[in-house]
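S.K.: here is a sequence with its predicted model. Questions after.
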Amino acid sequence: MSKKLAIIASKGTLDWAYPPFILGSTAASLGYEVTIFFTFYGLQLLKKDLSHIRVSPLANPAMPMPVPMPVLIQALPGMEAMATMMMKDMIKKKGVASLEELRSLCRELGVRFIACQMTVELFGMDPQTEFIDGLEFGGAATFFEFAGDADITLFI
């Protein structure tokens, strides 16, 4: 009987997009049965196009910047785009897999993706056109069917 990992992905920014896919693919490659429940802003990670995923330097004091920047400067227009460009450049230079690659790897390894039906409806998203294929749409009860028996549950 394999171990089970349940992950709740609730964030949709670049820096919060990596953990569920890295942890999910790693656990699946180690033989875990993995389910990721995507809710609220985490649903952004299931969209067909991930080019809109950004990172914000605002209220993120641990984000490494080439030059120390006061919070006021981080709030200026264009800073989010600059921070996103810098992060994507660093990811590429260091040879870290892209979000698309990690998401595909999860799918290849059999990681189950559940999109929160309530949140899809709340935000008026179109399940037929906005999201990648092969998703399961369900609510918290669907997730708890799996998470109730999980060895590890993470909220990201």
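M.R.: Noted; the coordinates are in hand. Quick caveat: nothing in here was measured; it's all calculated off a predicted structure.
S.K.: what comes up buried for the helix or strand hosting residue 89?
M.R.: According to DSSP states H and E, residue 89 maps onto helix 79-93. Using 16 or more other CB atoms under 10 Å as the test for burial, helix 79-93 gives 79, 80, 83, 84, 86, 87, 88. Every residue, glycine included, has its C-beta placed from N, CA and C.
S.K.: quick one: list the elements packing against the helix or strand just after that helix.
M.R.: Next in sequence after helix 79-93, counting helices and strands by DSSP H and E, comes helix 99-108. The helices and strands touching helix 99-108, judged by 3 or more CB pairs under 8 Å, 6 or more residues apart in numbering; DSSP states H and E, are helix 14-29.
S.K.: right, and the helix or strand after the helix it packs on?
M.R.: Defined by DSSP H and E, the subsequent element after helix 14-29 is strand 33-38.
S.K.: which strands or helices does that next one pack on?
M.R.: strand 4-9, helix 14-29, strand 112-116, helix 140-147.
S.K.: and if we set it to 10 Å?
M.R.: Judged by 3 or more CB pairs under 10 Å, 6 or more residues apart in numbering; DSSP states H and E, strand 33-38 is in contact with strand 4-9, helix 14-29, helix 99-108, strand 112-116, strand 136-138, helix 140-147, strand 152-155.
S.K.: tabulate those (JSON lines), appending distance to residue 122 and mean pLDDT.
M.R.: Putting the helices and strands packed on strand 33-38 into JSON lines (distance: least, CB to CB, whole Å; pLDDT from 0 to 100) gives the following:
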{"stretch": "strand 4-9", "distance to residue 122": "16", "mean pLDDT": "98"}
{"stretch": "helix 14-29", "distance to residue 122": "19", "mean pLDDT": "96"}
{"stretch": "helix 99-108", "distance to residue 122": "23", "mean pLDDT": "97"}
{"stretch": "strand 112-116", "distance to residue 122": "9", "mean pLDDT": "98"}
{"stretch": "strand 136-138", "distance to residue 122": "13", "mean pLDDT": "98"}
{"stretch": "helix 140-147", "distance to residue 122": "13", "mean pLDDT": "97"}
{"stretch": "strand 152-155", "distance to residue 122": "19", "mean pLDDT": "97"}
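S.K.: how about the contacts made by the most centrally placed residue in the chain?
M.R.: What sits nearest the mean C-alpha location of the chain, by CA atoms, centre = their mean, is residue 17, with 3.1 Å. With contact set as CB atoms under 10 Å, 6 or more residues apart in numbering, residue 17 has these partners: 9, 11, 41-42, 44-45, 50, 53-55, 99, 102-103, 156.
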